[in-house]
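Asks: Need coordinates for the below:
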Amino acid sequence: MKYPHISKELRLSRLAVPEKKVRAVLDTDTYNEIDDQFALTFALLAKDKIDLQAVTAAPFFNTHSTGPADGMEKSYQEILNIFSLMDIPADGKVFRGSPCYLPAAETPVESDAARRIIELADAAEKDGELLYVLVIGAITNVASAILLKPEIIKNIVVVWLGGHAFEWHGKNDEFNLYQDVPAAQVIFDSGVPFVMFPCSMVTDHLLTTEPELRARCKDSGKIGEYLYKHTSEEMIAFDNDSRVIWDIVTVAWFVCPEAVSSIIRPTPKLGDDAVYDTSDASRHEMRYAYSLNRDIIFRNLFEKIAQFSK
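Replies: Okay, the predicted model is just below:
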């Protein structure tokens, strides 16, 4: 696959921390766990920073689904549920994604989500704007959009919670990456401006507990009660004293950028075994998060939920 060339100067400008309100799509496997619901809520409430133009459902397969297609459909329905709990109209905003993962790194999967991402990227180009694609699941829909129309890499920035840190010494089996390695390879190799929030060693600091949720979230209207109840039930089911809510970092980067420390570095090569090869310093640049302030991020989230419920 031949992708359009983006100059270093243009790429670096795309990778700058946004200073104004942005157009965005949130791509999410919402039914997979409990953190996507927080991220979607956060994005819907961050209206001063994010113009959320679409929410797209991503495939997933674990104990909460019978396969990728079922995971995508359950995520689609859960997105609608969050909109309903917040009394926000979902018409024209929510789109079904791919029913499967990419068969290969050059083979896109058609879906309403991929087509909507392309449409919004084209609209942003016409208006002289960028489209930020926030991804908190397998990156299938976004990779498909790029493969269907490679020119969109000139007008989008992909912001992904996926993969473990490059310095991680264990297996790189993070769920969002490992489900669809070919799709992740498209993102790493296409040259699309790319912001990465690794899981283990970086965003796994975004932990909360049942007592904190009870004190800061439970009494904040229908959505606060739902987030508290759903999360506490998951914690009991998995015998957790705390749970990581790392998906919210993709929204926090726009809402409270001071809470996220990141650098510009060469994009590694991602092998078929999901191992990073960081040896080629000549590869195109990406933005890589390496540290964050957990308290600032959760304070912003809980304050927005509380204010919304008043």
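Asks: Where does the closest residue to residue 152 other than its chain neighbours sit: helix, strand or coil?
Replies: Distance criterion CB to CB, 6 or more residues apart in numbering; nearest residue to residue 152, sequence neighbours excluded, is residue 121 at 4.0 Å. Every C-beta, even on glycine, is put in place using the N, C-alpha and C of the backbone. Per DSSP: H, G, I helix; E, B strand; the rest coil, the local secondary structure of residue 121 is helix.
Asks: now swap in residue 51 and tell me
Replies: Under three-state DSSP, residue 51 comes out as strand.
Asks: Show me the beta-bridge partners of it.
Replies: Per DSSP bridges, the residues bridged to residue 51 are residue 23.
Asks: quick one: contacts for it?
Replies: By CB atoms under 8 Å, 6 or more residues apart in numbering, the residues touching residue 51 are 21-24.
Asks: Distance from stretch 120-130 to the middle of the chain?
Replies: In terms of CA atoms, centre = their mean, to the nearest Å, the gap separating the centre of stretch 120-130 from the centre of its chain is 20 Å.
Asks: And it, what's buried?
Replies: Neighbour-count burial for stretch 120-130, with 16 or more other CB atoms under 10 Å as criterion, is recorded at 120-121, 124-125, 129-130.
Asks: Give me the contact list for it.
Replies: When contacts are defined by CB under 8 Å, 6+ apart, stretch 120-130 is touched by residues 14, 22-23, 25, 53-54, 131, 145, 149, 152, 154-157.
Asks: Most neighbours among those residues, which one?
Replies: Most neighbours among the contacts of stretch 120-130, by other CB atoms under 10 Å: residue 145, with 31 neighbours.
Asks: Show the pLDDT at residue 2.
Replies: Reported pLDDT at residue 2 in the predicted model: 87.
Asks: Then the one 3 residues further on?
Replies: We note a pLDDT of 96 for residue 5 in this prediction.
Asks: Apart from its chain neighbours, what residue comes closest to it?
Replies: With sequence-adjacent residues excluded and distances taken as CB to CB, 6+ apart, residue 5 is closest to residue 191, at 7.3 Å.
Asks: any idea how far the residue nearest to residue 152 lies from residue 156?
Replies: Residue 121 sits 5 Å away from residue 156, going by CB to CB, to the nearest Å.
Asks: Give the intersection of the neighbour lists for those two.
Replies: Joint contacts of residue 121 and residue 156 (CB under 8 Å, 6+ apart) are residue 131.
Asks: Which one of the buried residues of stretch 120-130 is nearest to residue 105?
Replies: residue 121 (20.3 Å; CB to CB).
Asks: quick one, strands of the protein?
Replies: Taking DSSP state E as the criterion, the chain contains strands spanning 22-28, 50-57, 94-95, 131-136, 156-161, 194-197, 207-208, 243-244, 260-266, 269-270, 276-277, 285-292.
Asks: and the first one, what other elements does it pack with?
Replies: Spelled out, it's strand 22-28. helix 35-45, strand 50-57, helix 112-126, strand 131-136, helix 249-255 (3 or more CB pairs under 8 Å, 6 or more residues apart in numbering; DSSP states H and E).
Asks: could those go into a markdown table alongside distance to residue 90?
Replies: Formatted as a markdown table, the helices and strands packed on strand 22-28 follow (distance: least, CB to CB, whole Å):
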| stretch | distance to residue 90 |
| --- | --- |
| helix 35-45 | 10 |
| strand 50-57 | 8 |
| helix 112-126 | 13 |
| strand 131-136 | 17 |
| helix 249-255 | 18 |
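Asks: For residue 217, find the nearest of these.
Replies: Taking CB to CB, helix 35-45 is the member of the helices and strands packed on strand 22-28 nearest to residue 217, at 9.0 Å.
Asks: and that closest one with strand 50-57, angle?
Replies: 150 degrees (axes from the mean of the first three to the mean of the last three CA atoms, to 10 degrees).
Asks: you'd agree residue 247 is up against residue 35?
Replies: Yes - applying CB atoms under 8 Å as the test, residue 247 and residue 35 come out as touching, 4.2 Å apart.
Asks: So those two - more neighbours on which side?
Replies: residue 247 (33 against 25).
Asks: show me the contacts for that one.
Replies: 28, 35-36, 38-39, 136, 161.
Asks: ditto for residue 183
Replies: Residues in contact with residue 183 (CB under 8 Å, 6+ apart) are 101-102, 105, 138-140, 142-144.
Asks: Apart from its chain neighbours, what residue comes closest to it?
Replies: Sequence neighbours aside, residue 143 is the residue nearest to residue 183 in space, at 3.7 Å (criterion: CB to CB, 6+ apart).
Asks: count of neighbours near the one you found?
Replies: Residue 143, neighbours per other CB under 10 Å, totals 29.
Asks: so it sits right up against residue 187, yeah?
Replies: Yes - look at residue 143 against residue 187 with CB under 8 Å: they come within range, at 6.2 Å.
Asks: what sits in contact with each of these two?
Replies: Between them, residue 143 and residue 187 share no contacting residue, judged by CB under 8 Å, 6+ apart.
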